[in-house]
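1. Structure for the following, please:
(one chain, ligands or ions: 1)
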Amino acid sequence: MAFRTGRLSGDAPRDVAEYTSSLGFDREIYREVLLINAVHLKSLARMGYLSPDALARGLAALKEAYDKPLSLDDPRLEDVHMVVEDYLVTVVPEAGENLALGKSRNDSVATAIRMRAKARMLELADSALNLASRLLERSFEEAETIYPATTHLQVAAPATLGFILSSYASRLLYSLESLIGVYASLDYCPQGSAACCGSTLPMDRGWLASQLGFTHVLEHSLDASSSRDFVIDLLSLSLKLLVIASDIAEWLIHDLTAGLLDIGDEFCSTSSIMPQKRNPVVLEVIRTKASEALGEAVRASSIIQRRVGGYVLDLQQVTPSIWRSLKEACSALEMLARVVETLRVDVDAALERCGLLAGMVELANYLTLQHGVGFRRAHRACGRLARMLVEKRLTEEGLREALQAEGIDVALGLEEVYRVLDPRSIVASYATRGSASPGEVRRMTDAMRRRMAELREWVSENRRVLEGIVKRAFNPQVM
Ligand code: ARG
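-> Model (predicted):
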């Protein structure tokens, strides 16, 4: 590349150039870099440093490269920024020669990453919304299907399958609120901060930001040209979504193994030796992705720390983590949405798994509310009953003994106990907001659907902004 030979004795050997080149992962920001260069040419023309004719030809050349991507195979060009400059110098020298006037790769790469990350985040939002919507569809259908809720992995209380499914949708929607926050923190434009301290060219940074689809200017030039702090938020967001995906996968694997649920054959594999096997391999892979995302977050944050001053090439090494993490998050959510679509439940097995034990809290409540027994005393008596139930020795006499042992003197028969412990009646009588009662599950499902419609609208609005950049950038009339 021509720019080396002034200061340095010549080109670096190919393997050395390859070692420091970002071309291997620059494809991800290729289009953004072209858009930034197009807007920069316009900025030069606005300041009178580029003729209208050179601008028009320069923009046409950049548009061509946008539609028909240039090769990123020669590592001696270091990175995509140099590939674009090299190309423009060749096809429109008047524009190419001044492409680096007032513009550094430092501010451009920071801008390109933010632009691309914004687009990727909208895709991620779509994937999360898609999964949430599949979950909520099933929640509505299964709002009455009795299903166990667990704590410490043991059956804890009777619930419904709709309640369990909608809990994951609820978590996804809260994460989408975080996504909006992270998106807003990325929506600050570094362009025009140049290499580190700004430029003596009177560039209008507000105009640059608006042309590149940003809401704000990231003012401080040293921060703008070098900071990657936002990457931590971005990778935490992927991680958060993948933790949810991993939890869903783990739950499905558990309950599949317990025979309560089943998923489509297309998401299972068999064994090369054990013909009877039907392994939930897709879910097994999904549940590992949170660990990968954690790895990327650790990787990126440990690369960006201990930086002094402005840009260092260490920062370049962070970038692939962003794309890998966002891509893995999207794929996991998409894959899970498809699995959820095929979900089947064994209603009888789920009811049986709930059993009577899970109703013990309600029996204690019943003793307290209907018979005036103190709750702690009732709790102990129910513990005794639970033990008898597990040991299959709960009889009328056992019941009397358990009550007596706790000094409870009420007339309570086994039939009444079984009636109170019935998971169906417990689920129907949950009375608190957000409980597992079918009415609450339906109400919450509706509320989440309404919020999802607003979130979809947010995605569309932001997508329109990003599409607007492309429509304007190469048009010399739009200044
Ligand atoms: N390729 C670099 C990156 O992806 C940008 C170039 C900055 N290089 C430099 N010598 N300042 O971060």
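
2. and residue 377, that one's in a helix?
-> Yes: Residue 377 sits within a helix when classified using DSSP: H, G, I helix; E, B strand; the rest coil.

3. ok, and the closest non-adjacent residue to it?
-> Residue nearest to residue 377 in three dimensions, not counting chain neighbours: residue 406, with 5.2 Å by CB to CB, 6 or more residues apart in numbering. Every C-beta, even on glycine, is put in place using the N, C-alpha and C of the backbone.

4. same question, residue 28
-> residue 323 (4.9 Å).

5. rewinding a little: tell me the confidence at the residue nearest to residue 377?
-> pLDDT, the model's per-residue confidence, is 97 for residue 406.

6. what's the spacing between it and residue 412?
-> Relative to residue 412, residue 406 is positioned 12 Å away (criterion: CB to CB, to the nearest Å).

7. give me the element the closest residue to the ligand within the stretch 301-450 of the chain is part of.
-> Among all residues of the stretch 301-450 of the chain, residue 316 sits closest to the ligand, at 3.4 Å; criterion: CB to the nearest ligand atom. Here residue 316 is covered by helix 314-341, with elements defined by DSSP states H and E.

8. same question for the helix or strand that comes right after that helix, mean pLDDT?
-> Counting by DSSP H and E, the next helix or strand C-terminal to helix 314-341 is strand 344-345. When pLDDT is averaged along strand 344-345, the result is 98.

9. Would you mind listing the buried residues in the helix or strand following strand 344-345?
-> Per DSSP H and E, the first helix or strand lying C-terminal to strand 344-345 is helix 347-354. For helix 347-354, burial by neighbour count (16 or more other CB atoms under 10 Å) applies to 350, 351, 353, 354.

10. From the contact counts, what lies against helix 347-354?
-> strand 146-151, strand 154-160, helix 423-429 (3 or more CB pairs under 8 Å, 6 or more residues apart in numbering; DSSP states H and E).

11. Format the CA atom coordinates belonging to the last one as PDB.
-> What follows is the C-alpha trace of helix 423-429 in PDB, where atoms were taken according to Å, rounded to 0.1, in the frame of the first residue of the first chain:
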ATOM      1  CA  PRO A 423     -53.500 -29.700  41.700                       C
ATOM      2  CA  ARG A 424     -56.400 -28.700  39.500                       C
ATOM      3  CA  SER A 425     -58.300 -27.000  42.300                       C
ATOM      4  CA  ILE A 426     -55.200 -25.300  43.600                       C
ATOM      5  CA  VAL A 427     -54.300 -23.900  40.200                       C
ATOM      6  CA  ALA A 428     -57.800 -22.700  39.700                       C
ATOM      7  CA  SER A 429     -57.800 -20.900  43.000                       C
END
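
12. for the stretch 101-250 of the chain, what spans make up the helices?
-> Per DSSP state H, counting those that start in this stretch, the stretch 101-250 of the chain carries helices over the ranges 105-141, 161-186, 205-211, 221-226, 229-257.

13. of all these, which lies closest to the ligand?
-> Of the helices of the stretch 101-250 of the chain, nearest to the ligand by CB to the nearest ligand atom is helix 105-141, at 3.7 Å.

14. quick one: low-confidence ranges for this structure?
-> Low-confidence regions of the chain, defined by pLDDT under 70, span residues 1-2.

15. What residues does it have near the ligand?
-> 22, 79, 105, 106, 109, 311, 315, 316, 319 (CB under 6 Å from any ligand atom).

16. so which of those is the most crowded?
-> The residue in the residues of the chain next to the ligand with the most neighbours, by other CB atoms under 10 Å, is residue 109 (25 neighbours).

17. Residue 25 versus that one, what's the distance?
-> 11 Å.

18. same check, this time on residue 171
-> For residue 171 relative to residue 25 (CB to CB), the value is 31 Å.

19. Check residue 475 too.
-> Distance from residue 475 to residue 25, by CB to CB: 30 Å.

20. Looking at the two, which has the bigger crowd around it?
-> Comparing residue 475 with residue 25 by other CB under 10 Å, the one with more neighbours is residue 25, at 19 against 14.

21. need the contact list for the more buried one.
-> 319, 320, 323 (CB atoms under 8 Å, 6 or more residues apart in numbering).

22. Could you dump these into JSON lines and include distance to residue 89?
-> As requested, these are exported to JSON lines (distance: CB to CB, whole Å):
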{"residue": "319", "distance to residue 89": "25"}
{"residue": "320", "distance to residue 89": "28"}
{"residue": "323", "distance to residue 89": "28"}
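
23. hmm, back to that, make a markdown table from the helices and strands packed on helix 347-354 and add mean neighbour count to it.
-> Shown next, in a markdown table, are the helices and strands packed on helix 347-354 (neighbours: other CB atoms under 10 Å):
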| stretch | mean neighbour count |
| --- | --- |
| strand 146-151 | 20 |
| strand 154-160 | 21 |
| helix 423-429 | 18 |
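
24. Residue 467: which of those is closest?
-> strand 154-160 (42.0 Å; CB to CB).

25. Next, the angle from the closest one to helix 347-354.
-> 130 degrees (axes from the mean of the first three to the mean of the last three CA atoms, to 10 degrees).

26. tell me, how many neighbours does the residue nearest to residue 377 end up with?
-> There are 20 residues near residue 406, going by other CB under 10 Å.
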